[in-house]
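Peer 1: fold the following.
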Amino acid sequence: MGISTLLLASVVSSLGGLVYGYELGIISGALLQLKAEFSLSCVQQEAAVSSLLVGALLASIVGGCLIDHRGRRNSILLSNVLILAGSLVLLIGSFSALLVGRMTVGFAMCISSMSCCIFVSELVPPERRGFLVTLYEAGITMGILAAYIMNYFLSDCNRGWKWMFGLAVVPTVIQLVSICFLPSSTRESLSQSSQSETHLMSSDGVENKKVQYSSMFLFQRKDNMRNRIVLGLGLVLFQQFTGQPNVLFYASTIFHSVGFQSNSSAVLASVGLGSVKVIATLTSMLFSDRVGRRPLLISGCSVMALGLITIGLLSRYSEMNAERPCDSDSFHINTTLLPHLAVSNQTLFDRPLEESQSLFNNHAQDGDEVLDTLASSPGVHGTAVNWIILVCMMAVVSAYSVGFGPMTWLLLSEIFPAAIRGRAFAFINCFNWAANLLVTFTFLNCINVVGLSGIFLLYGVTAVAAAVFLYFMLPETKGKTLEEIDKELRLNKFYHSQDCCSIISRRIFSRQYQSVHCQVVTSG
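Peer 2: So this is what the prediction gives:
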């Protein structure tokens, strides 16, 4: 493969991720303006965020057949056209147009995400596959960072949300032009895969014939497909239920809630979060083909669990904004006297009115006594807690960007047979977007019910369960061709210890198959 083709493949992959990440992250800051302009209720805010996910869920239902039958390249072109159309609808300036435009963009994003990962994985050699496929995730993180930066610069502009949404057109047009110069990977890949499968079956003494797959093949035991589906579902469900979508979509809202009082300061904290995410993703790109998929995912989950549980515990002592995320904008905290201090419901505002007035308005009180009173207030300690929460969120985002972020897309593009890869990817993606929609649409109401502390503790426990699942179920695919990965998954030769056989195989396979499986693994 020529350098020019590799370069173009890199551009297409990174631009696809860039648009994806930008559309995911831009709502974080735009939501603050949309809430004020359209007087959005809590449910309407969640609908504005989740409409993108509804479109993506619909695309994941039909996208598999489109990708397998019409080709990866044509699917990417279609997604570009739909993003351009959706962006134009968003500029109309009504709430209904906002929902329709976001749904259209979400539909296109889902098609693009599946097509780009499969297209690049089939087009590039195995020794560069990890780097170039994770380049898509790097594009996502750069898109999120770009979105947060635009949110910051446009946060005080009148109707700045229109510019926020409209800027997605620029990378979309560039990708549309770039993909036109790349060859289609579908026919060549399917032909090579079929020939390879025929050769592999001939060497095992099986009838020499071309392999054809129907969609129902995904649910059969043949070729270990059920186990592949379980692995894929585990990856995407744990990815979503550890709460990462809410960190992206509601970053500014979360920071606003834990003490970053102004819109610009909350958005600026989100920019810092996006910067950390980019650095962590670029690091994972360098090590995905050296260290491997397993170590990055398992270590990433472990760090996420630690960070999420810490946030959950500290959120109880955080100086929360007096205004809940879903409440009206009619109430504002006056922090003129305390420019860097978060004011708490549980401290100043729960005190009698006379006590608060005596604190701020008693001019006879000595200035040093005021400072002493404030220093002894829980709000001062709460400010430190808020910054610790920010650091923990950065740790969680970094761990996600090293593990779940890039490795999930990479593994999903590797573990399924070529002839059914698009449909398998789409089937798994249905659960991915459905879980994303569930987690996102309920987030603000869950905060009002159980608070940030309860939400993040639940996410932390889920991350612990994810680490255990990945330890026992995750194969290592680095340095292998797609055909080699497929062959080893058919024979179920990826598990590396007898303990794994006794725990996992007993749960999934029959006793007769378990005996054969353990003999194969422990003998070589």
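Peer 1: rest of the way, CA atoms for contacts and neighbours
Peer 2: Fine.
Peer 1: count of neighbours near Phe425?
Peer 2: Close neighbours of Phe425, defined as other C-alpha atoms under 10 Å, add up to 25.
Peer 1: so what touches the helix or strand containing it?
Peer 2: Using DSSP states H and E, Phe425 sits within helix 421-441. Outside of helix 421-441, the residues that reach it under the criterion C-alpha atoms under 8 Å, 6 or more residues apart in numbering are 46-47, 49-50, 53-54, 56-58, 60-65, 67-68, 114-115, 118, 215, 218, 229, 232-233, 236-237, 240-241, 243, 245-246, 249, 412-413, 416.
Peer 1: if we use 7 Å, what do you get?
Peer 2: 46-47, 50, 53, 56-57, 60-61, 63-65, 67-68, 114, 215, 218, 232-233, 236-237, 240-241, 245-246, 412, 416 (C-alpha atoms under 7 Å, 6 or more residues apart in numbering).
Peer 1: what's the answer for stretch 97-117, then?
Peer 2: By C-alpha under 7 Å, 6+ apart, stretch 97-117 touches 13, 16, 20, 48, 51-56, 58-60, 63, 67, 72, 75-76, 79, 82-83, 86-87, 89-90, 133, 409, 413, 425.
Peer 1: average pLDDT across that stretch?
Peer 2: Across stretch 97-117, pLDDT averages out at 91.
Peer 1: point out where the stretch 201-350 of the chain drops to low pLDDT.
Peer 2: 201-223, 248-270, 317-350 (pLDDT under 70).
Peer 1: returning to what we had before: tell me the buried residues in whichever helix or strand comes after the helix holding Phe425?
Peer 2: Remark: after helix 421-441, the chain's next helix or strand is helix 443-473, criterion DSSP H and E. Neighbour-count burial for helix 443-473, counted by 16 or more other C-alpha atoms under 10 Å, picks out 443-445, 447, 451-467, 469-470, 472-473.
Peer 1: ok and helix 443-473 relative to helix 421-441, angle-wise?
Peer 2: Angle, helix 443-473 to helix 421-441, by axes from the mean of the first three to the mean of the last three C-alpha atoms, to 10 degrees: 140 degrees.
Peer 1: just use 34 as the starting number from now, easier for me
Peer 2: In the new count, where the first residue is 34, that last one comes out as helix 476-506.
Peer 1: what is the neighbour count of the nearest residue to Ser308 once chain neighbours are set aside?
Peer 2: Among residues not flanking Ser308 along the chain, Leu178 sits closest, at 6.1 Å (C-alpha to C-alpha, 6 or more residues apart in numbering). Using other C-alpha under 10 Å, Leu178 has 26 neighbouring residues.
Peer 1: now Glu70
Peer 2: 12.
Peer 1: for it, give its distance to Phe274.
Peer 2: 31 Å (C-alpha to C-alpha, to the nearest Å).
Peer 1: what do you get for Leu445?
Peer 2: Taking C-alpha to C-alpha, one finds Leu445 at 18 Å from Phe274.
Peer 1: Gly62 now?
Peer 2: For Gly62, the distance to Phe274 - C-alpha to C-alpha - is 23 Å.
Peer 1: likewise for Thr38?
Peer 2: 37 Å.
Peer 1: which residues touch stretch 188-200?
Peer 2: Ile59, Gly62, Ala63, Gln66, Ser120, Leu124, Met183, Asn184, Leu187, Ser297.
Peer 1: how about 8 Å then?
Peer 2: By C-alpha under 8 Å, 6+ apart, the list of residues contacting stretch 188-200 reads 56, 59, 62-63, 66-67, 120-121, 123-124, 126, 180, 183-184, 187, 296-297.
Peer 1: quote the end-to-end distance of it.
Peer 2: 15 Å.
Peer 1: mind listing what's buried in it?
Peer 2: Ser188, Gly193, Trp194, Lys195, Met197, Phe198, Gly199, Leu200.
Peer 1: average pLDDT for that stretch?
Peer 2: On average, stretch 188-200 scores 87.
Peer 1: before we move on, what about stretch 481-488?
Peer 2: 81.
Peer 1: for the closest residue to Phe476 other than its chain neighbours, the count of nearby residues, please.
Peer 2: The shortest distance from Phe476 to any non-neighbouring residue, by C-alpha to C-alpha, 6+ apart, is to Asn279 (7.1 Å). Around Asn279 there are 21 other residues, counting by other C-alpha under 10 Å.
Peer 1: residue contacts, Asn279?
Peer 2: With C-alpha under 8 Å, 6+ apart, Asn279 has these contacts: Val472, Thr473, Phe476.
Peer 1: phi and psi next, for it.
Peer 2: When read as degrees, to the nearest 10, the backbone of Asn279 gives phi -70, psi -30.
Peer 1: check Gly276 too.
Peer 2: According to degrees, to the nearest 10, Gly276 has phi 90, psi 10.
Peer 1: isn't it right next to Tyr492, touching?
Peer 2: Yes. Using C-alpha atoms under 8 Å, Gly276 is in contact with Tyr492, at 5.9 Å.
Peer 1: mutual contacts of the two, please.
Peer 2: Joint contacts of Gly276 and Tyr492 (C-alpha under 8 Å, 6+ apart) do not exist.
Peer 1: next, the buried residues of whichever helix or strand Ala89 is part of.
Peer 2: Assigned by DSSP H and E, Ala89 belongs to helix 75-103. Neighbour-count burial for helix 75-103, counted by 16+ other C-alpha under 10 Å, picks out 75, 77-94, 96-101.
Peer 1: same deal with stretch 324-331?
Peer 2: Gly325, Arg326, Arg327, Pro328, Leu329, Leu330, Ile331.
Peer 1: wait, what's in contact with the nearest residue to the last one once chain neighbours are set aside?
Peer 2: In space, not counting the residues next to it along the chain, Ile331 is nearest to Ala500; the distance is 5.4 Å by C-alpha to C-alpha, 6+ apart. Under the criterion of C-alpha under 8 Å, 6+ apart, the contact partners of Ala500 comprise Leu330, Ile331, Ser332, Cys334, Ser335.
Peer 1: distance of Ala500 from Val472?
Peer 2: From Ala500 across to Val472, the span is 20 Å (C-alpha to C-alpha).
Peer 1: show me where the stretch 84-233 of the chain has its helices.
Peer 2: 105-123, 128-156, 159-187, 193-199, 202-212, 219-236 (DSSP state H, counting those that start in this stretch).
Peer 1: okay, these in JSON lines with distance to Ser431 next?
Peer 2: Shown next, in JSON lines, are the helices of the stretch 84-233 of the chain (distance: least, C-alpha to C-alpha, whole Å):
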{"stretch": "helix 105-123", "distance to Ser431": "28"}
{"stretch": "helix 128-156", "distance to Ser431": "21"}
{"stretch": "helix 159-187", "distance to Ser431": "11"}
{"stretch": "helix 193-199", "distance to Ser431": "25"}
{"stretch": "helix 202-212", "distance to Ser431": "25"}
{"stretch": "helix 219-236", "distance to Ser431": "34"}
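Peer 1: figure out which of those is closest to Gly438.
Peer 2: Closest approach to Gly438 among those (C-alpha to C-alpha): helix 159-187, 6.5 Å.
Peer 1: for that closest one, list every residue counted as buried.
Peer 2: Neighbour-count burial for helix 159-187 [16+ other C-alpha under 10 Å]: 159, 162-185, 187.
Peer 1: cool, stretch 457-473 as well?
Peer 2: 457-470, 472-473.
Peer 1: now Glu447: phi and psi?
Peer 2: Torsion angles, degrees, to the nearest 10, at Glu447: phi -110, psi -30.
Peer 1: burial of it, as a residue count?
Peer 2: Glu447: 23 neighbours (other C-alpha under 10 Å).
Peer 1: residue contacts, Leu445?
Peer 2: Gly265, Phe458.
Peer 1: one more: Ile448?
Peer 2: Arg261, Leu515, Ile518, Asp519, Leu522.
Peer 1: 10 Å instead?
Peer 2: 258, 261-262, 264-265, 454, 457-458, 508, 510, 515-516, 518-522 (C-alpha atoms under 10 Å, 6 or more residues apart in numbering).
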